[in-house]
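*Asks:* show me the folded form of this:
(chains A and B)
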Amino acid sequence: AQSVTQLGSHVSVSEGALVLLRCNYSSSVPPYLFWYVQYPNQGLQLLLKYTTGATLVKGINGFEAEFKKSETSFHLTKPSAHMSDAAEYFCAVSDYSWGKFQFGAGTQVVVTP
Amino acid sequence: DAGVTQSPTHLIKTRGQHVTLRCSPISGHKSVSWYQQVLGQGPQFIFQYYEKEERGRGNFPDRFSARQFPNYSSELNVNALLLGDSALYLCASSLAGGSGNEQFFGPGTRLTVL
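*Replies:* The predicted structure is shown next:
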């Protein structure tokens, strides 16, 4: 069985400050890990994914995440927040079974001027 | 190229009714997955179809069913609607069905059950 825990349902950051969103997972096999962003009234957009290889993954819009197997974590960061980063962010895990993604509960990011 | 499209955008039904939601994947994508997103929660996996066959099923009652057509579009059917079925239903398509394949999400269908 696999599961995802996102620490913090709401995060408030100042424009220009570091964005850090935490994700911990459990999986019985080496996982595939994803971060998605959802803007109001829209579907989910992939920010980045980890499958194999380099553990530091760079995504779109300046986001990156690091897979740490020993900590079962896949935290998402962005060095400098922009107002357009205000959205809900979801971490997801998938094992080798057919396409079944397990999503976390999401973290709502608010960016203040 | 067009992304994943879903219809209708919004839907209001009453308890006990039946609903059909539709999804058209990105051209060339052969796999479609369905998710339910209740307000304030992450999406929950319902079904995945690949090449018209069910490849995965989440923990949902038999009131939920789906199918995929030869053109790879898909329908999600929900019978005997309950108030708790009110949610955003998301469709995602991918080139193939494996877990490493990126899933592209549609804008969703907002279902309200009264």
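*Asks:* low pLDDT regions in chain A?
*Replies:* For chain A, the stretches flagged by pLDDT under 70 are A:1, A:96-99.
*Asks:* can you get me the start-to-end distance on stretch A:68-86?
*Replies:* Taking CA to CA, to the nearest Å, stretch A:68-86 runs 26 Å from one end to the other.
*Asks:* list the buried residues in it.
*Replies:* A:73-76, A:78, A:81, A:85-86 (16 or more other CB atoms under 10 Å in any protein chain shown). Yep, even glycine has a C-beta here, placed from its N, CA and C like the rest.
*Asks:* what about that stretch, near chain B?
*Replies:* No: with CB under 8 Å from any CB of the partner chain as the criterion, chain B is not reached by stretch A:68-86; the gap is at least 14.5 Å.
*Asks:* got the residues of chain B near chain A?
*Replies:* Counting by CB under 8 Å from any CB, chain B sits next to chain A at B:4, B:31, B:33, B:35, B:40-45, B:48, B:50, B:55-56, B:58, B:90, B:92, B:94, B:97-108.
*Asks:* return the residues of chain A in contact with chain B.
*Replies:* With the criterion set to CB under 8 Å from any CB, chain A comes near chain B through A:4, A:32, A:36, A:41-46, A:49, A:51, A:90, A:92, A:94-106.
*Asks:* just the strands in chain B please.
*Replies:* Under the criterion DSSP state E, chain B contains strands at B:5-7, B:10-13, B:19-24, B:31-37, B:44-50, B:53-57, B:64-68, B:74-78, B:87-94, B:104-105, B:109-113.
*Asks:* the ones you listed into TSV, with extra columns for mean pLDDT and mean neighbour count?
*Replies:* Below are these laid out as TSV (pLDDT from 0 to 100; neighbours: other CB atoms under 10 Å in any protein chain shown):
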stretch	mean pLDDT	mean neighbour count
strand B:5-7	96	16
strand B:10-13	96	13
strand B:19-24	98	19
strand B:31-37	94	26
strand B:44-50	92	23
strand B:53-57	89	15
strand B:64-68	97	18
strand B:74-78	98	20
strand B:87-94	94	24
strand B:104-105	90	20
strand B:109-113	97	18
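*Asks:* would TSV of the ones you listed with distance to residue A:19 be doable?
*Replies:* Below are these laid out as TSV (distance: least, CB to CB, whole Å):
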stretch	distance to residue A:19
strand B:5-7	30
strand B:10-13	32
strand B:19-24	32
strand B:31-37	23
strand B:44-50	26
strand B:53-57	33
strand B:64-68	36
strand B:74-78	34
strand B:87-94	24
strand B:104-105	22
strand B:109-113	28
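*Asks:* am I right that residue A:77 falls within a strand?
*Replies:* Yes: using DSSP: H, G, I helix; E, B strand; the rest coil, the assignment for residue A:77 is a strand.
*Asks:* which strand residues bridge residue A:88?
*Replies:* Beta-bridge pairing for residue A:88 (DSSP bridges): residue A:38, residue A:108.
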